[in-house]
Structure formats: C-alpha cells, structure tokens
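Engineer: structural data only, the sequence is not supplied:
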C-alpha cells in the first residue's frame, strides 16, 4: 500500500508516519519510484506497536527506539524482549546520591523478600529500585509496614503475573512475517503490562473503600 | 512553641508555614502579642499530614483543603474521611463527552464485577471511573482481557485491602487533642494508600519478570 493508505488504515497522520520513518522507528518501505514507496502489513503492525507504547505506555520516543531494536533482534529471547518493554515503563525513581541508611535497610528487605520467594529477577530491574525507594520512604515516614505484610502482596502478585504471562501469545514466529508473533507478543505485553497495572490500582482502591466501609461502619 | 521552633521541629521552612496559614491549611496559633503566636503539637501533626499529602500523595494544595475540612469535621465518620483522602488521589481519567459503546460496555462489566463481589462502593468513586476507563481502553485496543480474569484480581485485592484497613489506627479520639487519632488515621491512610499502591506496582512488575523467565526460559 502507499503512504496515504497506510495512514488511513492505521489512523496515524502522514506527517507523523514520516516523523517515525526519519527517527528510524518505522523501517523504510520498498521504493517503487523516486517519490513513491510501498508499505506492507509489517508496517501497519509496527505502527500499532508504536502507538500502544506512546499512548498507553507513555514511553518516550527515544525509549521506543530501544524497545524496537530488541523486538527486531531475533537473537534476543522473548524474555529479554519483555524485559526491554517493562524496563522502559516509568516511574524511574532516582537512587540516593550518597549512602542512606533507610535505603540500605530497604534494599536488604527487598533482597530478602525476593530470595525468600525464589524469584528470578535482575538486581538492576527498575521495579526493584521502585520497591526499594518505596520501602525507604515508608521507613522515613516511620509509618507502619503494610498491614498484610510484604510477602502477602508478593504472593498475590505471583499468582496474577503467572496467569498474565501464560495468556501472552507465543513468540516463535519469524520477525516481520505476516503471522509475526514477536511483534504481536511485544504489543500484547505493552497493552497487558500497562492496562493490567491500572486495573490492579483501581481494584485495590475499590477494595479499600469496601474494607473501610465494613471496618468503620 | 514559636514559629521558628515549629519550623525547626517540622522541617518545613517558615515561609512555607506562613503560606499554609494564609491558605487556611494550618489553623492560626494563639496570639501572645501583636507579632507573636504560640503553636502546639496539633500544628506539628497537621504540618506532617500536609507534607504527606503533598510529597507522598502528590495531592494539589486546593484538594488538601477539601481533605482537611473533612478531617476537622467531627460529624464525618472515619469511612467518609478515608474516602475524602482517596478520592483526591489521582489519576482522574475524564469520562467521554458523548455516548461511547466501549465505555458503556466497560461500565456494565465493572458494575457486574462489583455486584458479584458484594462490594460497598459509591457509584461516583473515582477508582470505579479509572476501572471503567481502563476496561474501555482494553476493548478499544481489542486486547485480550487480563489472563487471570478480572475477578481474580479483585479477590486478591479484597484480602490485601482488608488487612491494610484493619491495621489503621482507631479513629475515636477527639480532633486536635494531644492523642489525636483522626489526624493520625488520616496521616496513616495517605501514607498507606499511596505507598502500598506503589509496593503493589513494583511487586506486580517483579512477579511478571519472574513469570516471564519461567514461561519463556
């Protein structure tokens, strides 16, 4: 299809598609003349992935480039690809500049929890930093640790995340082929990670409202 | 104590305390002369609550005024007070301007879930709007519904929220009295709601990383 049809089919304006081409987010089409190029289904799928990352994941354009490089790198496993997606999602709390006793204690607490659960997670995982930053903030406010205990949260999340990952599409198709499953997997992962997290937050707050009504009524 | 000591004890600069006094977030001290006023423990606790709402909850100053009005209103139950805190926490997704079939279907889905769980939540709860907005976005992207099913998320949240609310301090003390438990409850609620939610997000992402490593390895 030509650029105009790619724009119609994807709902992305021509000027925006040209911007993605210049930034290298979208691979060039096949030139059919000096001013014309043909685009295919792979371009449509790629546009959908870019829009999911931008609109749903609120991932900056520069970070989208990093994710797409891993999506296109066939030697990267599906696990590495999902990590590339997740690690670009915010927030990215800053580590303290100097030795902070609350941070150090929180870091040991996080490590003990992860080891106790037998979780396989990278020491550099941004979510680990988010956990440590939050546990350090709890220590600084001298607030009580969460009522049900950290381990209860973690165990609930283990069960939910296992079901989420099991419902992802398989990743064994060739990249950019018509039945492309690497792009489909990356797209499902963005939508899933971001929207499921928002569902979790909404249901947590509603459950708090219900629990408060029972507890204080 | 005088203003200078209130500033030292709370860590809040004098200019900021004066701003809170002007905005009515902090009640005036007891005048001891034309230019001097005495502040007490209640002012210290109130400052701590304002900082928790601002720094941890990222609640705008105007919204803090609304929360404090409910904290000070002895006729408002603890449940109403917790609702005032929670309802001012973002995000506040906009409802669609016109009839949107995805939104309407998502709204029915949320109502069926809430009714099925027997949850007592207000139809106007912002978290219900967040849930509906997210379910509508899932429908628009034609993404598969969450792997474990909405109900599994909700049941996990029910157990965690009940334990969180049960660990809140009691709310039967008189307001602004030395052992003030309304302010202590409001403070615990802000810290708890915001930080526990962040812990939940971090652990959900770490659990996804672990599940992905098991699933794709």
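Structural biologist: Nice, I can see it. Remember, predicted model here, so these are calculated numbers, not experimental data. Residues are numbered from 1 along each chain as shown, chains lettered A, B, ... in the order given.
Engineer: doesn't residue A:27 belong to a helix?
Structural biologist: No: the assignment for residue A:27, made by DSSP: H, G, I helix; E, B strand; the rest coil, is coil rather than a helix.
Engineer: next, it: phi, psi?
Structural biologist: Recorded main-chain torsions at residue A:27 are phi -70, psi 150, according to degrees, to the nearest 10.
Engineer: for it, what are its contacts?
Structural biologist: By C-beta atoms under 8 Å, 6 or more residues apart in numbering or on different chains, the contact set of residue A:27 is A:42, A:43, A:46. Yep, even glycine has a C-beta here, placed from its N, CA and C like the rest.
Engineer: and the closest residue to residue A:131 other than its chain neighbours, which of the three is it?
Structural biologist: Of all residues beyond its chain neighbours, the one nearest residue A:131 is residue B:202 (3.7 Å), with distances taken as C-beta to C-beta, 6 or more residues apart in numbering or on different chains. Secondary structure for residue B:202, judged by three-state DSSP, is helix.
Engineer: and for residue B:202, the neighbour number?
Structural biologist: When counting by other C-beta atoms under 10 Å in any protein chain shown, one arrives at 27 neighbours for residue B:202.
Engineer: for residue A:79, see how far away it is.
Structural biologist: Residue B:202 sits 19 Å away from residue A:79 when distances are taken as C-beta to C-beta, to the nearest Å.
Engineer: same question for residue A:96.
Structural biologist: With distances defined as C-beta to C-beta, the gap from residue A:96 to residue A:79 amounts to 30 Å.
Engineer: most centrally placed residue in chain A?
Structural biologist: The structure's chain A has its C-alpha centroid closest to residue A:86; by C-alpha atoms, centre = their mean the separation is 3.2 Å.
Engineer: any idea how far that residue lies from chain B?
Structural biologist: 6 Å (C-beta to the nearest C-beta, to the nearest Å).
Engineer: ok, residue A:169 next?
Structural biologist: Where chain B is concerned, residue A:169 sits at a distance of 9 Å (C-beta to the nearest C-beta).
Engineer: that residue against residue A:191, yeah?
Structural biologist: No: taking contact to mean C-beta atoms under 8 Å, the distance of 11.5 Å between residue A:169 and residue A:191 leaves them out of contact.
Engineer: what are the boundaries of the helices in chain A?
Structural biologist: A:3-10, A:14-22, A:41-51, A:61-72, A:78-88, A:101-117, A:126-140, A:150-166, A:181-216 (DSSP state H).
Engineer: between residue A:169 and residue A:191, who's got more neighbours?
Structural biologist: Set residue A:169 next to residue A:191 and count neighbours by other C-beta under 10 Å: residue A:191 wins out with 22 against 16.
Engineer: quick one: residues contacting the more buried one.
Structural biologist: Each residue near residue A:191 by C-beta under 8 Å, 6+ apart is listed here: A:52, A:56, B:138, B:141, B:143.
Engineer: and it, what pLDDT?
Structural biologist: Residue A:191 carries a pLDDT value of 80.
Engineer: how close does it sit to residue B:22?
Structural biologist: Going from residue A:191 to residue B:22 by C-beta to C-beta gives 46 Å.
Engineer: before we move on, what about residue A:139?
Structural biologist: From residue A:139 across to residue B:22, the span is 33 Å (C-beta to C-beta).
Engineer: tell me which of these two has more neighbours.
Structural biologist: Shown here are residue A:139 and residue B:22; by other C-beta under 10 Å, residue A:139 has more neighbours (17 against 9).
Engineer: residue ranges with poor pLDDT in chain A?
Structural biologist: Counting by pLDDT under 70, the low-confidence segments of chain A come to A:142-146, A:171-180.
Engineer: could you pull up the contacting residues of residue A:114?
Structural biologist: For residue A:114, the contact set (C-beta under 8 Å, 6+ apart) comprises A:121, A:128, B:206.
Engineer: let me fix that, I meant to ask about residue A:200.
Structural biologist: Shown here is residue A:200, whose contacts under the criterion C-beta under 8 Å, 6+ apart are A:160, B:153, B:157, B:200, B:201, B:204.
Engineer: can you pull the contacts of the closest residue to residue A:161 other than its chain neighbours?
Structural biologist: If the residues on either side of it in the chain are set aside, residue A:161 comes closest to residue B:207, at 3.6 Å by C-beta to C-beta, 6+ apart. With contacts defined as C-beta under 8 Å, 6+ apart, residue B:207 is in contact with A:119, A:154, A:157, A:158, A:160, A:161, A:162.
Engineer: if we go to 10 Å?
Structural biologist: Contacts here follow C-beta atoms under 10 Å, 6 or more residues apart in numbering or on different chains; on that basis residue B:207 touches A:117, A:119, A:121, A:127, A:153-162, A:164-165.
Engineer: surely residue A:113 is in contact with residue A:158?
Structural biologist: No: contact criterion C-beta atoms under 10 Å: residue A:113 and residue A:158 do not qualify, at 11.5 Å.
Engineer: mutual contacts of those two, please.
Structural biologist: When C-beta under 10 Å, 6+ apart defines a contact, the residues bordering residue A:113 and residue A:158 alike are A:119, B:203, B:206.
Engineer: among those residues, which one lies nearest to residue B:10?
Structural biologist: Looking at the shared contacts of residue A:113 and residue A:158 and their distance to residue B:10, the nearest is residue B:203, at 32.3 Å (C-beta to C-beta).
Engineer: state the distance from the closest one to chain A.
Structural biologist: When distances are taken as C-beta to the nearest C-beta, residue B:203 and chain A turn out to be 5 Å apart.
Engineer: burial count for that residue?
Structural biologist: Quick note: residue B:203 (other C-beta under 10 Å) scores 29 neighbours.
Engineer: so who does the spatially closest residue to it that is not a sequence neighbour touch?
Structural biologist: Counting by C-beta to C-beta, 6+ apart, residue B:203 lies nearest to residue A:157, which is 4.5 Å off, once chain neighbours are set aside. Contact partners of residue A:157, counting by C-beta under 10 Å, 6+ apart, are A:117, A:119, A:164, A:200, B:156, B:160, B:199-208, B:210-211.
Engineer: repeat that for residue A:84.
Structural biologist: Listed by C-beta under 10 Å, 6+ apart, the contact set of residue A:84 reads A:63, A:66, A:67, A:68, A:69, A:70, A:71, A:73, A:76, A:186, A:189.
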